[in-house]
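A.B. asks: the amino acid sequence is not available; the structure is as follows:
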């Protein structure tokens with residue numbers, strides 16, 4: 001607080017008698033004057049009636065309290081001479097943002113707030129404020145006027161490049177003070193405001209609307225620019241342009257049209273709006289607004305129509321969007337790539353991609369739509385196909401009205417479909433190998449279980465307490481063996497008995513059974529084409545294909561429906577017209593099974609042939625039905641395709657190659673094993689098997705039939721037995737073994753010891769094994785087998801050699 005004592009010394013409280021009374025009256029007048037002056041200052045500074053009234057009430061209460069104390073204890077009152085307390089006046093002056101000062105008639109500074117002391121150093125009262133002579137004269141004249149008329153005003157005085165407006169008023173009970181109010185005048189810096197406008201929210205709003213804005217100084221250099229101008233001027237929007245000459249980014253042709261320098265001859269002309277920031281300076285600082293030249297706007301609508309017509313005829317997926325990223329046009333190829341009708345396109349391209357790619361699409365459209373005529377590609381994933389990455393081409397366009405960006409999607413549906421089919425084929429091959437390996441190992445286990453069950457049943461009679469339990473174990477083992485056969489069918493490793501047959505005959509043979517399986521709510525329809533060629537397949541397995549497809553169709557129609565089975569001939573020309581990269585050119589017999597059920601969702605269509613994949617409820621499907629179909633068809637040299645639309649049913653097409661040539665004579669068809677009633681035999685037999693449990697079952701089964709049996713755990717051990725001079729009438733061997741497998745052992749034995757009789761045991765397909773083994777005069781026994789079956793197989797081989 002800055003205060004100075006007035007020239008007159010006042011006595012606050014006096015002594016006894018008349019002198020004390022006079023002193024008290026002087027004190028009361030002085031205190032009243034200070035109170036009134038403070039209230040005037042407070043009103044002058046704030047103009048707040050409530051605040052002034054509150055302060056007046058507080059002062060009156062304080063005066064009453066002092067008077068009460070003085071009257072109640074007059075002897076204790078001080079008689080010292082005290083200056084008036086200006087703290088309340090100073091506190092009131094602090095509430096103002098202006099510089100407040102109080103001076104007396106002698107021109108001395110009595111009180112001032114902090115704004116005054118900071119603006120005018122030296123603690124002197126006006127007019128001695130350190131201003132020049134002209135401004136001092138204005139202050140002197142204002143003081144005289146205020147003393148005479150009660151108030152005065154100065155519009156502007158200057159000090160140190162700052163301007164103030166001055167108000168002065170006479171105050172005090174005796175009008176002995178002047179109250180000064182000096183308010184700073186804020187100079188409107190229009191250049192700074194222009195920079196804030198261009199670089200701030202308004203500039204961003206103009207950029208989003210395609211308006212380029214730039215603020216330049218008197219020297220012609222850029223002080224600020226919005227994103228639209230920066231992107232168009234530099235091409236990237238990342239290169240700093242502040243401080244560079246505006247003219248460096250522009251060029252003018254011979255007709256006076258203005259272009260961006262970096263766009264060259266490809267660029268479109270722009271229209272500049274020049275807004276001077278100084279009233280009297282036409283060539284000083286300025287705000288420049290730029291938009292694309294609209295002089296050629298007359299033909300743009302017609303040009304856009306021609307462009308859309310051209311784009312609609314191209315095979316590439318193309319679309320036009322505006323600066324805000326909204327679709328204006330999309331051709332049929334574009335809609336076909338995204339698998340949507342053109343009329344169902346969403347408003348924005350970003351709505352077509354997954355959430356993680358939306359920001360990249362929006363940013364690219366904004367950059368190319370506002371920048372130069374550049375182009376680029378970004379990798380995106382469509383919302384309906386999130387696992388597939390496609391390239392979205394984006395290019396900026398000009399001169400087509402609202403169109404600002406051209407989008408391109410390659411119509412690679414066929415390429416994608418081929419990739420999916422190849423990937424699916426590869427996956428199915430891998431799963432098939434795994435399934436075949438599992439089935440082979442499981443067959444060894446089942447062989448042991450079934451064999452030991454047979455041996456136990458031989459020691460029990462029907463009616464024994466354990467007989468039924470053993471029989472139940474054997475039945476469940478046979479069920480498990482059926483599952484392994486399905487796995488082998490999927491992996492194309494089961495044993496087939498192919499014959500030359502007609503598809504129509506197979507469908508007719510199985511139709512009665514199929515009708516019973518479909519139930520009363522499902523109707524079976526058959527249709528057969530003409531001139532269908534013969535196919536070579538296992539009739540039993542082909543019937544299994546039809547039954548599995550029919551049952552699968554029934555399950556897809558819980559409320560009933562129609563299953564339509566048809567056969568037809570497909571010629572080479574028809575296959576060629578299909579343009580399939582999977583189906584080789586040739587003549588085929590086509591078996592189609594179609595239902596009117598719920599259909600298969602797209603995300604599941606590529607998984608339906610996988611083992612154990614099912615969409616049925618728990619316990620209502622093993623997931624091996626369609627995988628078995630797939631394996632049988634592939635092992636028969638055919639192809640199977642599925643087409644489905646949710647809610648519109650499913651169709652399975654099975655293409656089997658037409659057999660060329662005549663049917664083989666009946667005597668070349670492999671005979672079934674002769675099953676005599678008496679399987680007793682004699683001879684020396686060597687069993688070569690790496691699985692101990694299978695080897696033990698086979699040994700006990702053959703010893704029981706009267707054979708002399710020796711065993712070996714692999715091919716090397718078998719060669720050692722022959723090397724020791726031992727000879728055998730028959731070698732019963734597994735195919736896959738560690739160290740030395742069965743075929744390698746067989747070739748070594750025949751090369752050293754002549755034509756050795758061989759019986760191979762394996763869970764793999766006989767045809768596949770014969771192609772792999774490349775040995776003549778070899779018999780085959782599929783796993784799992786029973787004691788009866790191995791005895792019959794050995795008896796049959798030995799009987800054929802006699």
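C.D. replies: Received the coordinates, thanks. This one's a predicted model, so the numbers in the text were calculated from it and none came from an experiment. Residues are numbered from 1 along each chain as shown.

A.B. asks: rest of the way, CA atoms for contacts and neighbours
C.D. replies: Fine.

A.B. asks: so where's the stretch 601-750 of the chain shaky on pLDDT?
C.D. replies: Scanning the stretch 601-750 of the chain for pLDDT under 70 picks out 611-624, 661-678.

A.B. asks: ok, which stretches of it are helices?
C.D. replies: 602-605, 625-635, 692-704, 715-723, 742-753 (DSSP state H, counting those that start in this stretch).

A.B. asks: closest one to residue 641 among those helices?
C.D. replies: Comparing the helices of the stretch 601-750 of the chain against residue 641 with C-alpha to C-alpha, the closest turns out to be helix 625-635 (9.5 Å).

A.B. asks: mean neighbour count, the helices of the stretch 601-750 of the chain: which tops it?
C.D. replies: Using mean count of other C-alpha atoms under 10 Å, the stretch among the helices of the stretch 601-750 of the chain with the largest mean neighbour count is helix 625-635, at a mean of 25.

A.B. asks: picking up where we left off before, could I get the helices of the stretch 601-750 of the chain as CSV with distance to residue 219?
C.D. replies: Listed next are the helices of the stretch 601-750 of the chain as CSV, based on distance: least, C-alpha to C-alpha, whole Å:
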stretch, distance to residue 219
helix 602-605, 65
helix 625-635, 80
helix 692-704, 99
helix 715-723, 98
helix 742-753, 94
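
A.B. asks: bridged to residue 321, which residues?
C.D. replies: Using DSSP bridges, the beta-bridge partners of residue 321 come out as residue 327, residue 405.

A.B. asks: each with direction, which strands does the strand ranked longest in the chain pair with?
C.D. replies: For the chain, the longest strand by residue count, based on DSSP state E, is strand 385-400. With DSSP bridges as the test, strand 385-400 is paired with strand 375-382 (antiparallel), strand 403-409 (antiparallel).

A.B. asks: deepest-packed of those strands, please.
C.D. replies: By mean neighbour count, with neighbours taken as mean count of other C-alpha under 10 Å, strand 403-409 ranks first of the strands paired with strand 385-400 at a mean of 23.

A.B. asks: so which residues make contact with stretch 465-472?
C.D. replies: Residues from elsewhere that reach stretch 465-472 (C-alpha atoms under 8 Å, 6 or more residues apart in numbering): 453, 456, 457, 460, 461, 462.

A.B. asks: any idea how far residue 689 is from residue 197?
C.D. replies: Distance of residue 197 to residue 689, computed by C-alpha to C-alpha, to the nearest Å: 90 Å.

A.B. asks: who's more crowded, these two?
C.D. replies: Just comparing residue 197 and residue 689: by other C-alpha atoms under 10 Å the higher neighbour count belongs to residue 689, 27 against 20.

A.B. asks: and the more buried one, what does it touch?
C.D. replies: Neighbours of residue 689 in contact, by C-alpha under 8 Å, 6+ apart: 695, 711, 712, 713, 714, 733, 734, 737.

A.B. asks: show me the contacts for the fifth one.
C.D. replies: Think residue 714. Applying C-alpha under 8 Å, 6+ apart, we find residue 714 in contact with 688, 689, 690, 737, 738, 739, 740, 741, 742.

A.B. asks: try 10 Å
C.D. replies: With contacts defined as C-alpha atoms under 10 Å, 6 or more residues apart in numbering, residue 714 is in contact with 687-691, 733-742, 745.

A.B. asks: how about the most centrally placed residue in the chain, secondary structure?
C.D. replies: Among the residues of the chain, the one closest to the centroid is residue 356, at 3.6 Å (C-alpha atoms, centre = their mean). What DSSP: H, G, I helix; E, B strand; the rest coil gives for residue 356 is helix.

A.B. asks: enumerate every residue touching it.
C.D. replies: Per C-alpha under 10 Å, 6+ apart, neighbours of residue 356: 380, 381.

A.B. asks: gap between it and residue 383?
C.D. replies: 10 Å.

A.B. asks: tell me how far stretch 555-570 is from the chain's mean position?
C.D. replies: 39 Å (C-alpha atoms, centre = their mean, to the nearest Å).

A.B. asks: among the contacts of residue 714, name the ones in strands.
C.D. replies: Of these, the ones assigned to strands by DSSP E are 687, 688, 733, 734.

A.B. asks: touching, the first one and residue 721? I think so.
C.D. replies: No: here residue 687 does not reach residue 721: they are 11.5 Å apart, not a contact under C-alpha atoms under 10 Å.

A.B. asks: can you pull the residues that touch both of the two?
C.D. replies: Common neighbours of residue 687 and residue 721 (criterion: C-alpha under 10 Å, 6+ apart): 710, 711, 712.

A.B. asks: okay, the residues you listed in JSON lines with neighbour count and distance to residue 344 next?
C.D. replies: Below are the shared contacts of residue 687 and residue 721 laid out as JSON lines (neighbours: other C-alpha atoms under 10 Å; distance: C-alpha to C-alpha, whole Å):
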{"residue": "710", "neighbour count": "17", "distance to residue 344": "77"}
{"residue": "711", "neighbour count": "22", "distance to residue 344": "74"}
{"residue": "712", "neighbour count": "19", "distance to residue 344": "72"}
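
A.B. asks: I'd guessed residue 169 sits against residue 154; true?
C.D. replies: No: counting by C-alpha under 10 Å, residue 169 does not reach residue 154; the two are 12.0 Å apart.

A.B. asks: comparing the two, which residue is more hemmed in?
C.D. replies: Using other C-alpha under 10 Å as the criterion, residue 169 and residue 154 rank with residue 169 on top: 24 against 16.

A.B. asks: and that one, that's in a strand?
C.D. replies: Yes: the assignment for residue 169 (three-state DSSP) places it in a strand.

A.B. asks: quick one: which of the strands paired with strand 385-400 is nearest residue 776?
C.D. replies: Here strand 375-382 is closest among the strands paired with strand 385-400 (C-alpha to C-alpha), at 56.6 Å.
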